[in-house]
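**Q** Quick one, fold the following:
(one chain, ligands or ions: 1)
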Amino acid sequence: MPHANKLPEVEHFVPVKPTTEKLDYAEVVNLDFSTWDQGPKAIQALAKQLNFAMRTQGFFLIENHGFPSKRSTDRRAATRASSWRNYWTIDQGVKDQIEQYNWNRDLSLREHPSTFQPFGPELPANFFIENHNYETFDESWFRYMMYFHDYNPSDIEKTGGVWLKGHCDFGSVTMLFSQPMASLQPMNHFTGKWRWVPYKPGAIVINADEMMEWWAGGYYKATIHRVCQPPADQRTQNRCGLFYFVVPNEETKVNTLLEESPVLRAAGVERRFEPGTEPTSAMYRGARIGAYGTSSLFQGKGSGVVIHRLRVDLSA
Ligand SMILES: [Fe+2]
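**A** So this is what the prediction gives:
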C-alpha cells in the first residue's frame, strides 16, 4: 500500500567532476580494510601503517571499510535551510560562505527541525571502545556542510582563496567521505607546507583530533587542516560534505596514557595534564564550542592558522 503522506522533494547535491589539474598532493597513508580478514599478520601490517600515519600527519584514508558510500552521497541534501553563512571572518573583513547542519547520534537530544581497535601505543584491547561507548552519553555528531563558491575576486585576493582557516578538530577523530573536489589540505607537521588530499572514491578520510593528541602526549599528531578554493576546473560548483565528529564519552577524563602504554613511556612523552587536573571530554567540548565562531581567531585576526588548544578553566 502506498504511503499516505508524500515526502517532500529534497534537493540532492551533485558533486563536481575530479580535477584534471596536476596538484601537489599530500602523501596520505591508505589503509585497505579488505585485508583485515586475512588474520593477525594482516591486522598487524595495518596497525603499522596506522601508527606511521598517526605519528607523522594524524591523517589517513580507509578503503573497503564496508560502509556503502553511495548511501552517503545519495543523502547529501543541500543544507540551505540552516542558513548560517557570514558567521565568522576569514580575513580582511571577508565573511565565510559556509552553511552547515548538525545532528546528534541520539536524536532525542535535539530533534531534526520538524570503534576503534588498539593500535601503536599497545593500549588495553578495548580502550577506545570503552571510552566511546555508544550507550553512554557524548556529543559525537554528524554534519552536512556546504561551502558556497560565492566569493568575488577581491575577496579571493584578500583571503588567498582560503574558505576555512587552518585548525584542529577537538574530539578523538573526524571522519569524512573522500570528495572529487580538491579542497581539503592538511598541513605537513614538519615542513609547514599545505598540500591537497587526493580523491579516492568511496574512501573515508580520517583526521586525528586534539583529544587524541592529548591521549598520546603528542606521540600522535592532531591534524591541522584547512579548506581552500579548488583548482580552476572545479570552481563553478559548491562543496558539500558529510562529516562525523567523534568525541569521547562525556565523563571521560582525557590525559596522556603513560600508565597504560609502554610505548609512550619508552618514547619519553610527557603527560599533558597533572593527574587530577585533566579535563573531561565534556569540559573541553564545552570550552571549544563556546569559542566557536566568536573567538578573535574566527574574527579574521591573527595568522592563517587557527590553533585553539584552549586552556581549559578547571575551576569553572
Ligand atoms: Fe575541521
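**Q** Does the spatially most central residue of the chain lie in a helix or a strand, and which?
**A** The C-alpha lying nearest the average C-alpha coordinate of the chain belongs to Thr174 (Cα atoms, centre = their mean; 3.1 Å). Using DSSP states H and E, Thr174 maps to strand 173-177.
**Q** neighbouring strands for the helix or strand following that strand, and are they parallel or not?
**A** For strand 173-177, the following helix or strand on the C-terminal side (DSSP H and E) is strand 184-186. Strand 184-186 has the following strand partners under DSSP bridges: strand 225-228 (antiparallel).
**Q** which stretches of the stretch 1-150 of the chain form strands?
**A** In the stretch 1-150 of the chain, the segments counted as strands under DSSP state E, counting those that start in this stretch are 29-32, 59-63, 89-91, 94-95, 98-104, 141-147.
**Q** Pick the most deeply packed of those strands.
**A** Each of the strands of the stretch 1-150 of the chain was assessed for mean neighbour count using mean count of other Cβ atoms under 10 Å. The highest is strand 59-63, with a mean of 21. C-betas here are computed from N, CA, C, even on glycine.
**Q** Export it to PDB, keeping only CA atoms.
**A** The C-alpha trace of strand 59-63 is given here as PDB (Å, rounded to 0.1, in the frame of the first residue of the first chain):
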ATOM      1  CA  PHE A  59      45.700  11.900   8.800                       C
ATOM      2  CA  PHE A  60      44.900   8.900   6.600                       C
ATOM      3  CA  LEU A  61      42.300   7.200   4.400                       C
ATOM      4  CA  ILE A  62      40.400   3.900   4.900                       C
ATOM      5  CA  GLU A  63      39.300   2.000   1.800                       C
END
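**Q** helices or strands up against that strand?
**A** If contacts are counted by 3 or more Cβ pairs under 8 Å, 6 or more residues apart in numbering; DSSP states H and E, strand 59-63 sits against strand 29-32, helix 40-56, strand 204-208.
**Q** Now that strand: average pLDDT?
**A** Strand 59-63 shows a mean pLDDT of 94.
**Q** Now do that strand: distance to the chain's middle.
**A** Relative to the mean C-alpha coordinate of its chain, strand 59-63 is positioned 12 Å out (Cα atoms, centre = their mean, to the nearest Å).
**Q** And for stretch 239-249?
**A** What separates the centre of stretch 239-249 from the centre of its chain is 6 Å, taken as Cα atoms, centre = their mean.
**Q** got the helices and strands packed on strand 59-63 as TSV, with mean pLDDT columns?
**A** Shown next, in TSV, are those (pLDDT from 0 to 100):
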stretch	mean pLDDT
strand 29-32	95
helix 40-56	92
strand 204-208	94
